[in-house]
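**Student:** Following is a predicted model, sequence given first.
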Amino acid sequence: MRCDEIMTRKVISVGTTDTVKTAAQLMRDADIGFLPVCDPVTGAVLGAITDRDLAIRLVAEDRLSNTLVGEVMTPEVVWCAPTDDVITAERLMGKHQKSRILCLDAARKPVGVISLSDLAQSEEEPRVAETVRQVTARETQVP
């Protein structure tokens, strides 16, 4: 099965000069916890911002809501192509311990997102369970 068969196609994104308040409002309104951060001219992905980024890099550091997305986003993005096999997305999610992965086109523009719930709804349980174990390994490790 290909990634474009299970990905969520409606991708909401923000730019580096949007405020974190705008990002948080978009997340709230769409009931999501992840936004790609895209170049306003090319549309290429520059990073991502998550609800966890907002908590760890904004609230925990007592920053204001007018902070720019570019100041708190995660610049590393784990991604696959929409034509890749779902197994590729699963492996990348497990390896990088990500619960969501972007699907990017050849110009690095987002065309979809695959989440653990997308995998769970489309795949065999044993493979999904292994991916979930890999993604959540950081949450269960004792320092």
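**Tutor:** Now that the structure is in, tell me what you want to look at.
**Student:** Show me the strands in the chain, by range?
**Tutor:** For the chain, the strands defined by DSSP state E occupy 34-38, 45-50, 79-80, 100-104, 110-115.
**Student:** how about CSV for the ones you listed, with distance to residue 70 added?
**Tutor:** Bear in mind the C-beta positions are built from the backbone N, C-alpha and C, glycine included. Converted to CSV, these look like this (distance: least, Cβ to Cβ, whole Å):
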stretch, distance to residue 70
strand 34-38, 7
strand 45-50, 8
strand 79-80, 19
strand 100-104, 18
strand 110-115, 17
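**Student:** Would you point out the helix or strand in this protein whose mean pLDDT is lowest?
**Tutor:** Taking mean pLDDT, DSSP states H and E as the measure, helix 137-140 is the helix or strand of the chain with the lowest mean score, a mean of 60.
**Student:** before we move on, back to that, could the strands of the chain go into JSON lines alongside mean neighbour count?
**Tutor:** Converted to JSON lines, the strands of the chain look like this (neighbours: other Cβ atoms under 10 Å):
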{"stretch": "strand 34-38", "mean neighbour count": "23"}
{"stretch": "strand 45-50", "mean neighbour count": "22"}
{"stretch": "strand 79-80", "mean neighbour count": "20"}
{"stretch": "strand 100-104", "mean neighbour count": "23"}
{"stretch": "strand 110-115", "mean neighbour count": "21"}
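**Student:** What is the burial count for the residue nearest to residue 24 when sequence neighbours are not counted?
**Tutor:** Nearest residue to residue 24 in three dimensions, chain neighbours excluded: residue 54, at 5.8 Å (Cβ to Cβ, 6 or more residues apart in numbering). When neighbours are counted by other Cβ atoms under 10 Å, residue 54 registers 22.
**Student:** What of residue 52?
**Tutor:** The local packing of residue 52 (other Cβ under 10 Å) involves 12 other residues.
**Student:** who's in contact with it?
**Tutor:** By Cβ atoms under 8 Å, 6 or more residues apart in numbering, the residues touching residue 52 are residue 33.
**Student:** Extract the residue ranges of this structure that are flagged as low pLDDT.
**Tutor:** The model of the chain has pLDDT under 70 over residues 123-129, 132-133, 135-143.
**Student:** Helices of that one, residue ranges please.
**Tutor:** Listed in chain order, the helices of the chain (DSSP state H) span 20-30, 51-53, 69-72, 86-96, 116-122, 125-135, 137-140.
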